[in-house]
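**Student:** the sequence isn't on hand, but the structure is:
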């Protein structure tokens with residue numbers, strides 16, 4: 001099963017969130033303990049060229065900077081990342097892209113696995129960025145079902161490898177998106193420290 005449609009939807013939701021981030025929010029906390037908003041943006045900008053290159057089975061330039069060395073210019077980072085989102089969704093459209101093997105940081109990885117991981121990157125980090133900046137983000141079941149299935153089948157292995165945190169208990173009656181967040185180690189009720197009441201934007 002190829003994931004072009006869920007990926008396209010996730011890109012669109014991420015782009016909507018990115019457009020609403022204010023530069024004053026760059027120091028804000030996020031659900032990822034290792035990142036503030038600036039650090040999360042560095043992470044996204046670091047991986048975007050790698051994700052596009054994987055689809056094209058191309059090599060990322062050797063001088064591609066480490067996450068912590070990525071510059072986040074308050075005046076330009078949004079346009080830069082939005083451009084990468086357009087390039088990513090275009091690169092991953094052909095069916096043939098999902099049937100290859102790519103070299104990612106020295107490892108040979110099936111492109112289908114990279115595409116699935118990219119969907120997770122956009123859905124989960126899109127939510128991280130949204131809630132960290134006072135926005136609300138929700139994804140349809142059709143988008144998160146592949147991630148829910150992956151976390152259900154391989155969650156214990158991923159946690160053992162440190163790819164995500166301990167599972168957060170979420171009621172069975174909760175939405176599939178919230179249950180997926182819980183499986184990824186995220187609390188759907190998370191709020192930033194010293195958060196102002198309410199949310200600024202709804203991404204339904």
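**Tutor:** Thanks, I have the structure now. All values reported here derive from a predicted model rather than from experimental measurement. Numbers count the residues shown, from 1 in each chain.
**Student:** quick check, distance from whatever helix or strand residue 180 lives in to the centre of its chain.
**Tutor:** Taking DSSP states H and E as the definition, residue 180 sits inside helix 176-183. Centroid separation between helix 176-183 and its chain, computed with C-alpha atoms, centre = their mean, to the nearest Å, is 14 Å.
**Student:** ok, residues contacting it?
**Tutor:** By C-beta atoms under 8 Å, 6 or more residues apart in numbering, the surrounding residues in contact with helix 176-183 are 123-124, 127, 138-139, 141, 144-145, 147-148, 151-152, 155, 167-170, 172, 174, 187-188. (C-beta placed from N, C-alpha, C; glycine too.)
**Student:** switch the cut-off to 6 Å
**Tutor:** 138-139, 141, 144, 147-148, 151, 155, 167-168, 170, 188 (C-beta atoms under 6 Å, 6 or more residues apart in numbering).
**Student:** filter those residues down to the ones in strands?
**Tutor:** Among the contacts of helix 176-183, none falls in strands (DSSP state E).
**Student:** look up phi and psi at residue 101.
**Tutor:** phi -130, psi 140 (degrees, to the nearest 10).
**Student:** report how many residues lie close to it.
**Tutor:** 14 (other C-beta atoms under 10 Å).
**Student:** can you map out the helices along the chain?
**Tutor:** Remark: helices assigned in the chain by DSSP state H are 4-19, 37-55, 77-91, 111-132, 141-160, 176-183.
**Student:** for residue 26, find the nearest of the ones you listed.
**Tutor:** For those, proximity to residue 26 was assessed by C-beta to C-beta; helix 37-55 is nearest, at 4.2 Å.
**Student:** for that closest one, give the mean pLDDT please.
**Tutor:** Averaged across helix 37-55, pLDDT comes to 96.
**Student:** then stretch 184-195?
**Tutor:** The model assigns stretch 184-195 a mean pLDDT of 85.
**Student:** now do stretch 147-160
**Tutor:** pLDDT averaged over stretch 147-160 gives 82.
**Student:** again, but for stretch 67-76
**Tutor:** The model assigns stretch 67-76 a mean pLDDT of 95.
**Student:** outline the domain layout of this protein.
**Tutor:** Listed domain ranges for the chain are 1-137, 139-189 (source: automatic domain parsing).
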